[in-house]
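J.: 3D, please:
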Amino acid sequence: MELQDLVVAVDFSEPSRAAVARAAVLAQVVGSRLHLVHAVRPTLVHGTALPESSGEAVAELAIRAMHRLQESLADQGVVTSFRVERSAEPVEAIAREVGAQRAALVVMGSHGDGRWTRFGLGSVAAGSVRALPCPVLVVKEKERAAAEPIRRILVATDASRHAAAASELAVAWARVLNAELALFDAWDVPATESPYSIPVPQPVERTFRERALRVVEQARASILEAEPEMVVRMNVQRGLAPERISQEAQRVRADLIVMGSRGHTTLDYVSLGSVAERTLRMAHCSVLVARPGERS
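T.: Predicted coordinates for the structure are as follows:
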């Protein structure tokens with residue numbers, strides 16, 4: 001697993017501190033360099049922008065806070081750099097740092113549900129998952145839990161190339177972190193428009209369940225062929241993917257969910273919004289989102 005350079009989004013909030021804690025653990029295990037980035041957005045009071053001098057003062061405070069964070073991480077043996085961008089949108093600032101460092105991963109916190117999901121780092125996490133050219137690790141735990149090792153990884157899989165990329169990434173992480181894998185596929189019978197309430201015949205349900213089982217069985221066999229010592233469990237459940245993935249992660253006590261994302265087009269955004277973003281909101285643990293063909 002090549003994780004020489006990681007970009008960590010910092011906004012000095014509690015979720016951000018959790019992201020830094022998780023990134024530090026990864027850096028200690030893998031030997032990564034952390035590149036901390038903070039975007040100073042125009043400061044508003046009652047919808048009115050403050051003078052430019054106020055923005056400079058805020059940026060100076062952010063630089064001082066970054067220095068303190070850098071010193072704390074140095075005490076843990078973690079090598080860091082940092083950048084404070086003035087008057088920048090967070091996703092754009094993160095993207096520039098990813099390009100400058102050729103980063104293999106972005107780590108960030110999420111403010112979860114509620115009003116900050118739209119306006120705070122929660123929206124930044126969703127925007128980063130859509131836009132960035134590398135895997136994104138969204139940390140959902142509190143700071144203390146985020147500093148613990150990752151021991152169990154749940155992989156959301158299906159027959160798509162996006163899920164294959166997620167599985168490949170999860171295996172690499174499990175190998176380095178000495179973690180167990182749990183493969184999971186949420187299946188359902190596609191809805192059909194009909195004016196009649198006709199129950200789905202059991203043979204049809206059985207067909208879809210057996211198809212899901214084949215997918216996880218084949219994925220497990222492929223992993224064990226390459227990694228015979230790895231612990232790989234599997235399960236399938238009927239239902240909507242985000243809900244079932246989140247429930248399964250809790251059932252197996254996963255520390256990390258790994259799943260695929262479908263990319264950048266409008267159609268892809270619909271898929272991302274309905275699965276990855278909903279899983280990001282619902283999951284109790286960190287979520288790692290990968291795309292096929294991108295650096296991991």
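
J.: in contact with A21, which residues?
T.: 139, 143-144, 146-147 (CB atoms under 8 Å, 6 or more residues apart in numbering). In short, each C-beta sits where N, CA and C put it, glycine included.

J.: which one of those residues is nearest S286?
T.: Minimum distance to S286 across the contacts of A21 is 4.9 Å, recorded for V139 (CB to CB).

J.: helices of the stretch 51-200 of the chain, residue ranges please.
T.: Secondary structure of the stretch 51-200 of the chain (DSSP state H, counting those that start in this stretch): helices at 52-75, 90-101, 116-119, 121-131, 143-146, 161-177.

J.: mean pLDDT lowest for which of these?
T.: Sorting the helices of the stretch 51-200 of the chain by mean pLDDT places helix 116-119 lowest, at a mean of 35.

J.: can you report how many residues neighbour S87?
T.: 13 (other CB atoms under 10 Å).

J.: so S16 lies in a helix, does it not?
T.: Yes: counting by DSSP: H, G, I helix; E, B strand; the rest coil, S16 is part of a helix.

J.: for R291, which of the helices of the stretch 51-200 of the chain is the nearest?
T.: helix 161-177 (6.3 Å).

J.: quick one: buried residues of the closest one?
T.: By neighbour count with 16 or more other CB atoms under 10 Å, helix 161-177 contains the buried residues 162-171, 173-174, 177.

J.: please produce CSV containing those residues, extended by distance to I153.
T.: As requested, these are exported to CSV (distance: CB to CB, whole Å):
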residue, distance to I153
H162, 17
A163, 14
A164, 16
A165, 15
A166, 10
S167, 10
E168, 13
L169, 10
A170, 5
V171, 9
W173, 6
A174, 5
L177, 8
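
J.: which of these sit farthest apart?
T.: So, the buried residues of helix 161-177 by CB to CB: farthest apart are H162 and L177, at 22.3 Å.

J.: from the contacts of A21, which is closest to R244?
T.: Nearest member of these to R244, counting by CB to CB, is V139, at 22.0 Å.

J.: gap between the closest one and A147?
T.: According to CB to CB, to the nearest Å, V139 stands 10 Å off from A147.

J.: which one's more surrounded, those two?
T.: When V139 is set against A147 and neighbours are counted by other CB under 10 Å, the residue ahead is V139, at 28 against 16.

J.: tell me the bridge partners for the more buried one.
T.: Residues in a beta bridge with V139, per DSSP bridges, are G109.

J.: you'd agree it is up against V106?
T.: No: V139 lies out of contact with V106 (CB atoms under 8 Å); the separation is 11.0 Å.

J.: tell me, how many residues neighbour V252?
T.: 17.

J.: surely it touches R152?
T.: Yes: here V252 reaches R152: they are 6.1 Å apart, a contact under CB under 8 Å.

J.: spit out the residues that contact the two alike.
T.: A182.

J.: joint contacts of V139 and A147?
T.: 21-22.

J.: returning to what we had before: any chance of the helices of the stretch 51-200 of the chain in a markdown table, plus distance to H38?
T.: Converted to a markdown table, the helices of the stretch 51-200 of the chain look like this (distance: least, CB to CB, whole Å):
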| stretch | distance to H38 |
| --- | --- |
| helix 52-75 | 5 |
| helix 90-101 | 8 |
| helix 116-119 | 17 |
| helix 121-131 | 11 |
| helix 143-146 | 17 |
| helix 161-177 | 26 |
